[in-house]
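K.L.:
Everything below, folded, please.
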Amino acid sequence: QVHLVESGGDLVQPGGSLRLSCSASGVIVRYYRIGWFRQAPGKEREGVSSIRSDNDRAYYADSVKDRFTISRNSAENTVYLQMNRLKPEDTGVYYCAISYGDSWTYDGVDHWGKGTSVTVSS
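P.N.:
As a prediction, the model looks like this:
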C-alpha cells in the first residue's frame, strides 16, 4: 500500500523560506513522476511542481518559478520542495502526489498525501 507523508509546513513571514518533505512508502519514487500540488482556501487544487522519472526534469508552475526548487533523494525515497521568497499567495495546503503516467493534473494523480499547511503572513 502506498503512503505519502508530508511534513515541513508552518507559519512564515513574507520573504521567508520553508522546506517541505514527502516521505514515500510502498512505492519507489524514482520510478514515477512525483511532486506537489497546493490548495488555497476557496480555490481548486493546482499543480506546483513535479519531477519526472525518466529524465529527472523538473517542472514548475509559473507562479513559483525561480522561487521553488524540487528535489528527490532516491536513497531516502523522499521528495523535497524548497520554497524561497514566500508570498502570501503561496498560502495553502501542500499535497504530495505521485502519478504512474505522464500527466500532472488532478485527475492524473494516482496517490495523494494528506497534506501539510503553509501560511505566509506577517
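
K.L.:
buried set for stretch 51-61?
P.N.:
Counting neighbours by 16 or more other Cβ atoms under 10 Å, one finds that the buried residues in stretch 51-61 are Ile51, Arg52, Ser53, Tyr60, Ala61. Where you see a C-beta, it was placed from the backbone N, CA and C, and this is true even at glycine.

K.L.:
mind checking how far that stretch is from the chain centre?
P.N.:
Mean C-alpha position of stretch 51-61 versus that of the full chain (Cα atoms, centre = their mean, to the nearest Å) differs by 12 Å.

K.L.:
what's the answer for stretch 104-118, then?
P.N.:
Centre-to-centre, stretch 104-118 and its host chain are 8 Å apart (Cα atoms, centre = their mean).

K.L.:
Span of it from start to end?
P.N.:
Across stretch 104-118, the straight-line distance between its terminal residues is 21 Å, by Cα to Cα, to the nearest Å.

K.L.:
List of residues touching that stretch?
P.N.:
Residues from elsewhere that reach stretch 104-118 (Cβ atoms under 8 Å, 6 or more residues apart in numbering): 2-10, 12, 18, 20, 22, 27, 33, 35, 37-39, 44-45, 47, 50, 59, 83, 86, 90-102.

K.L.:
which among the residues you listed end up buried?
P.N.:
So, by 16+ other Cβ under 10 Å, the buried ones in these are 4, 6, 8-9, 12, 18, 20, 22, 27, 33, 35, 37-38, 45, 47, 50, 83, 86, 90-99.
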